[in-house]
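S.K.: how would this look folded up:
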Amino acid sequence: MAIEAHIRELSQRHARLDDQIQAAQRSPSTDSSQIAALKRQKLKLKEELEALRRTH
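M.R.: The predicted structure is shown next:
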């Protein structure tokens, strides 16, 4: 059960990051390095999710 809860939490964080990226891309005041950092975080979460799903 703990792994499933962790997967759900990571999925939620991944979705929130996606929302943040979309909002940042719409905002002219957002620096491209900030968007890149958000995308790296999102990719890291995606990789962690995939690893958990493979082992679960």
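
S.K.: Where do the strands of this protein begin and end?
M.R.: Secondary structure of the chain (DSSP state E): no strands present.

S.K.: give me the low-pLDDT residue ranges for it?
M.R.: 1 (pLDDT under 70).

S.K.: Tell me where it has helices.
M.R.: 2-26, 32-55 (DSSP state H).

S.K.: Redo the ones you listed as a markdown table? Include mean neighbour count.
M.R.: C-betas here are computed from N, CA, C, even on glycine. Shown next, in a markdown table, are these (neighbours: other Cβ atoms under 10 Å):
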| stretch | mean neighbour count |
| --- | --- |
| helix 2-26 | 13 |
| helix 32-55 | 13 |
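
S.K.: what residues are up against Gln25?
M.R.: Ile35 (Cβ atoms under 8 Å, 6 or more residues apart in numbering).

S.K.: distance of it from Leu38?
M.R.: Gln25 is 10 Å from Leu38, where distance means Cβ to Cβ, to the nearest Å.

S.K.: Equivalent analysis for Glu50, please.
M.R.: 19 Å.

S.K.: same deal with Glu47?
M.R.: From Glu47 over to Leu38 (counting by Cβ to Cβ), the distance is 15 Å.

S.K.: same check, this time on Ser32
M.R.: 11 Å.

S.K.: same check, this time on Gln22
M.R.: Counting by Cβ to Cβ - Gln22 and Leu38 are separated by 10 Å.

S.K.: Residues that sit against both of the two, list them.
M.R.: Joint contacts of Gln22 and Leu38 (Cβ under 8 Å, 6+ apart) do not exist.

S.K.: for the nearest residue to Leu49 once chain neighbours are set aside, what are its contacts?
M.R.: Leaving aside its sequence neighbours, Leu49 sits nearest to Leu10 (Cβ to Cβ, 6 or more residues apart in numbering; 5.1 Å). The contact partners of Leu10, taken as Cβ under 8 Å, 6+ apart, are 45, 48-49, 52.
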